[in-house]
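Student: Please find the sequence and the predicted model below.
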Amino acid sequence: MSRGRFVSLEGLDGAGKSTHLAWLTAHLRGRGIEPVVTREPGGTPLGEKLRELLLHEPMHIDTEALLMFAARREHLAQVIEPALAAGRWVVCDRFSDASFAYQGGGRELGVERLAALEHWVQARADGLLQPDMTLLFDIPLEVSRARLANGRELDRFEREQDAFFERVRAAYLAREAASSGRIRRIDASRSLAEIQADLALLVQQLEAA
Ligand code: TYD
């Protein structure tokens with residue numbers, strides 16, 4: 001059986017993640033890989049209920065972090081780990097790096113608390129379960145804000161102020177720097193063709209790894 005791979009996608013709201021996720025999925029299919037495509041918070045029936053609460057219900061920051069990781073625990077147990085064990089590729093729209101960026105950076109929750117939750121939920125006999133590769137779609141704040149101003153109703157995170165998103169972006173970049181190459185920053189302010197060329201190369205690297 002071939003080995004599965006775990007890929008996560010991250011970035012500020014409005015970074016074009018959904019478009020890139022759709023392209024990546026089609027690209028993998030074209031290479032004979034049928035990925036399990038999923039998202040956080042969410043990905044399971046319970047996780048999707050938690051997502052509704054997380055995106056729309058005011059709550060204490062600790063509650064927010066705990067629910068993000070509770071949804072993640074369920075997602076790992078029900079979807080991600082069974083898929084990887086069966087040799088499937090998993091493409092996940094956000095994972096723990098989003099908690100470090102949004103709850104840690106944006107809401108300024110202490111990193112020790114997040115690291116404790118990460119350890120609780122992701123520690124396995126052979127170390128911390130992390131994506132094999134994380135694609136960080138990075139755009140300047142102005143671009144993110146302009147794309148979000150497109151009329152639809154914004155959720156609890158999207159309604160935050162610029163300073164919040166500056167901290168989210170800085171936390172993502174700090175995590176990238178500390179990730180020993182797991183997190184790949186992609187300049188998402190370029191053309192689709194340029195971004196897709198990068199993604200195709202990264203997929204090749206991951207297949208070969
Ligand atoms: P996302 O699915 O990217 O939103 P959309 O459907 O609008 O594209 O993510 C939903 C929000 O959840 C996003 O603003 C980031 C936030 N989030 C966290 O704050 N912490 C987390 O751990 C995760 C996974 C998401």
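Tutor: Sure, I can see it. Numbers count the residues shown, from 1 in each chain.

Student: What residues of stretch 199-209 count as buried?
Tutor: 199, 202-203, 206 (16 or more other Cβ atoms under 10 Å). Where you see a C-beta, it was placed from the backbone N, CA and C, and this is true even at glycine.

Student: Mind checking which of those are in helices?
Tutor: Among the buried residues of stretch 199-209, DSSP state H puts 199, 202-203, 206 in helices.

Student: Val91 contacts Ile33, correct?
Tutor: No: the criterion here is Cβ atoms under 8 Å, and Val91 misses it with Ile33 at 9.7 Å.

Student: Which one's more surrounded, the two?
Tutor: Val91 (22 against 17; other Cβ atoms under 10 Å).

Student: before we move on, what SS does the more buried one have?
Tutor: strand (DSSP: H, G, I helix; E, B strand; the rest coil).

Student: how close does it sit to Val121?
Tutor: Distance from Val91 to Val121, counting by Cβ to Cβ, to the nearest Å: 20 Å.

Student: Met68 too?
Tutor: 10 Å.

Student: When the two are compared, which one has more neighbours?
Tutor: Between Met68 and Val121, counting by other Cβ under 10 Å, Met68 is the more crowded of the two (25 against 21).

Student: element containing the more buried one, please.
Tutor: Met68 is part of helix 61-75 when elements are defined by DSSP states H and E.

Student: what's the following helix or strand after that helix?
Tutor: helix 81-85.

Student: Show me which residues of stretch 162-170 are buried.
Tutor: By neighbour count on 16+ other Cβ under 10 Å, the buried set for stretch 162-170 is 164-165, 167-169.
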